[in-house]
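Participant: Here is a sequence together with a model predicted from it:
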Amino acid sequence: MLERTGDAGAASAADCDVLVVGAGFAGLYMLHALRGMGFRVRVLEAGSGIGGTWFWNRYPGARCDVESMEYSYQFSPELQQDWAWSERYATQPEILRYIEHVAARFDLMRDIALDTPVRAAHFDEAAALWRLETATGRQLSARFCVMATGCLSSPNTPQLATGFDAMTGALSKIDVRGRGGLTLAAKWVEGPRTYLGLQIAGFPNLFTVTGPGSPSVLTNMLPSIEQHVAWIAACIDHLRERALKTIEAAPAAEAAWVEHVNAVAGGTLYPHCSSWYLGANVPGKPRVFMPYIGFPPYVAKCEEVVARGYEGFVLAA
Ligand SMILES: Cc1cc2nc3c(=O)[nH]c(=O)nc-3n(C[C@H](O)[C@H](O)[C@H](O)COP(=O)(O)OP(=O)(O)OC[C@H]3O[C@@H](n4cnc5c(N)ncnc54)[C@H](O)[C@@H]3O)c2cc1C
C-alpha cells in the first residue's frame, strides 16, 4: 500500500508495510486501525493465543481493577453495543472472551502469526526497512515496526515488590538495533530514553505503544493504548501521503522530553519510593522513573506536536 505514493521500490521489497510485535489489546487494535487505512500488516505473537496479559495470566481470581465498561475498546460504537459485561469488574476468562470476540468481529486472526517470538529487529539503513527475525530463524521485513510488546508482559522472579520487569522488560529481550547498529541495550544502559514514549532517537520508523515516557501504567491502560495506536496510525498515514520514508525522534527533543518526565515526577513522591515504576524490583536495572505523570496534558502535548508538523521529529523522503 505504500506504493500509492510512488514508493514502489522499497515497499515491494518488504514483506508488508508494518510489522507489529505482540497481539494483546495494543497489537490487535494496531492491526485493525492500519488495515482500515489500507496498509498491509502482520502481527507476530510469542504466545499460542491472542490477548497478551489476559492470555498469560490465569491465576485464580485474576480480574481487572478498572470497571469493565471503561476497560474495553472505545473505537467502535457498534462493538460497545454488541458486548455486555456480566460483572462490573470482569474476570480474566471474560476479558479473554471479549478479546477473542473482537478478533473474530474484525477478522483479525488472518494477519496474526501465533507461536512466533521475535528474537531480533534490525534497521537496514540502505533499504530503510526493519528486518525482524523470529526464534525459528524466519525473516520478515517492513518499512515500519510497532512494538506492542506490553508493559507488564516480561516475567521477573519476585525478590522485592512485583513479578514483572515492567515497561522495558519485553523490549530488552529483543535484539533491537537502529542506525549504525546501535543496540537498544546500549542506548538505554542508564535507563530508557524516548520522545513521548512513542519513538527513540536513532531508531527510525520504530514505534512503541505505551512505552516508557508515556503515562501507560499510571492510567487505565485501554484509553492510553487507543490514544497511542491512533497517533501511530495517523503518523504512518501522514508519511505515506507525503511520500516520506522515515520519521525519527530528534535527539534534542528526546532529551528535553526525558528531562520533562523527570521534572514532573520530581514534584511527587513517586521517585522516592522503591517501586517497580523505577525498576527497583529488578536487580541491576537502572533506577529511572519510567511513566509520565498526567494523561490529559500528555494527550494535549501529542496533539500539539502533530499540529506543529510533527515537532521534535525528523521526517525524511
Ligand atoms: C495481572 C495483570 C492485571 C492487570 N490489570 C489491569 C487493569 O485492571 N487495568 C489496566 O488498565 N491494566 C491492567 N493491566 C495492564 C495490562 O497489561 C494492560 O491493561 C493491557 O492488557 C496491555 O496490553 P498490551 O497489548 O499493551 O500488552 P500485553 O497484553 O502485555 O501484550 C503484549 C504481547 O506481546 C507479546 N510479546 C512480547 N514480546 C514478544 C516478542 N519478542 N515476540 C512476540 N511477541 C511478544 C506477549 O506475548 C504479549 O502477548 C494488568 C496487567 C497484569 C499483568
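Facilitator: Alright, I've got the coordinates.
Participant: going forward, measure contacts between C-alpha atoms and count neighbours the same way
Facilitator: Fine.
Participant: Got the confidence number for residue 190?
Facilitator: For residue 190, the pLDDT comes out at 93.
Participant: next one: residue 303
Facilitator: 98.
Participant: Quick check: phi and psi at it.
Facilitator: The phi/psi pair for residue 303 (degrees, to the nearest 10) reads phi -70, psi -40.
Participant: And for it, the neighbour number?
Facilitator: Residue 303 has 13 neighbours, counted by other C-alpha atoms under 10 Å.
Participant: and it, how far is that from the ligand?
Facilitator: 21 Å (C-alpha to the nearest ligand atom, to the nearest Å).
Participant: Next, the contact list for that residue, please.
Facilitator: By C-alpha atoms under 8 Å, 6 or more residues apart in numbering, no residues touch residue 303.
Participant: How about residue 174?
Facilitator: Here residue 174 is in contact with 118, 119, 120, 121 (C-alpha under 8 Å, 6+ apart).
Participant: Name the surrounding residues that touch the helix or strand hosting residue 314.
Facilitator: Residue 314 belongs to strand 313-316 when assigned by DSSP states H and E. Here strand 313-316 makes contact (C-alpha under 8 Å, 6+ apart) with 244, 245, 246, 247, 248, 249, 250, 253.
Participant: wait, what's in contact with residue 183?
Facilitator: Counting by C-alpha under 8 Å, 6+ apart, residue 183 makes contact with 175, 176, 177.
Participant: Which element, helix or strand, includes the second one?
Facilitator: Using DSSP H and E, residue 176 sits within strand 175-177.
Participant: Tell me how far that strand lies from the chain's centre.
Facilitator: Relative to the chain's own centre, strand 175-177 is displaced by 15 Å; criterion: C-alpha atoms, centre = their mean, to the nearest Å.
Participant: so for that strand, what's the average pLDDT?
Facilitator: pLDDT averaged over strand 175-177 gives 98.
Participant: Run through the neighbouring helices and strands of that strand.
Facilitator: strand 118-124, helix 184-187 (3 or more C-alpha pairs under 8 Å, 6 or more residues apart in numbering; DSSP states H and E).
Participant: Could I get the pLDDT score of the most centrally placed residue in the chain?
Facilitator: The centre of the chain sits closest to residue 209, judged by C-alpha atoms, centre = their mean, with a distance of 2.1 Å. In this model, residue 209 is scored at 98, pLDDT.
Participant: Find the residue closest to residue 155 in space, skipping its chain neighbours.
Facilitator: residue 164 (4.6 Å; C-alpha to C-alpha, 6 or more residues apart in numbering).
Participant: dump the residue contacts of the one you found.
Facilitator: Residue 164 neighbours (C-alpha under 8 Å, 6+ apart): 152, 153, 154, 155, 156, 157, 158.
Participant: what's the distance between it and residue 57?
Facilitator: Separation of residue 164 from residue 57 (C-alpha to C-alpha, to the nearest Å): 12 Å.
Participant: can you map out the strands along the stretch 51-200 of the chain?
Facilitator: 112-113, 118-124, 129-134, 139-147, 175-177 (DSSP state E, counting those that start in this stretch).
Participant: ok, residue 45 - contacts?
Facilitator: With C-alpha under 8 Å, 6+ apart, residue 45 has these contacts: 21, 22, 23, 112, 113, 114, 115, 116, 117, 118.
Participant: Shouldn't residue 283 be within a strand?
Facilitator: No - the assignment for residue 283 is coil, going by DSSP: H, G, I helix; E, B strand; the rest coil, so no strand is present there.
Participant: Let me know the pLDDT of it.
Facilitator: Here, the pLDDT recorded for residue 283 equals 90.
Participant: Tell me how far it lies from residue 234.
Facilitator: 38 Å.
Participant: Pick out whichever of these two has more residues nearby.
Facilitator: Neighbours were counted for residue 283 and for residue 234 using other C-alpha under 10 Å; residue 234 has more, 16 against 12.
Participant: Pretty sure that one sits in a helix.
Facilitator: Yes - counting by three-state DSSP, residue 234 falls inside a helix.
Participant: And the pLDDT at it?
Facilitator: 98.
Participant: same question, residue 1
Facilitator: 54.
Participant: average pLDDT for stretch 107-117?
Facilitator: For stretch 107-117, the per-residue pLDDT averages 98.
Participant: Outside of it itself, list whatever touches it.
Facilitator: Contacts of stretch 107-117 (C-alpha under 8 Å, 6+ apart): 23, 28, 31-32, 41-50, 103, 134-136.
Participant: what about burial for those residues, which qualify?
Facilitator: The neighbour count (16 or more other C-alpha atoms under 10 Å) marks 23, 28, 31-32, 41-47, 49-50, 103, 134 as buried among those.
Participant: Tell me which of those fall in strands.
Facilitator: Assigned to strands by DSSP state E, the following of those qualify: 41, 42, 43, 44, 134.
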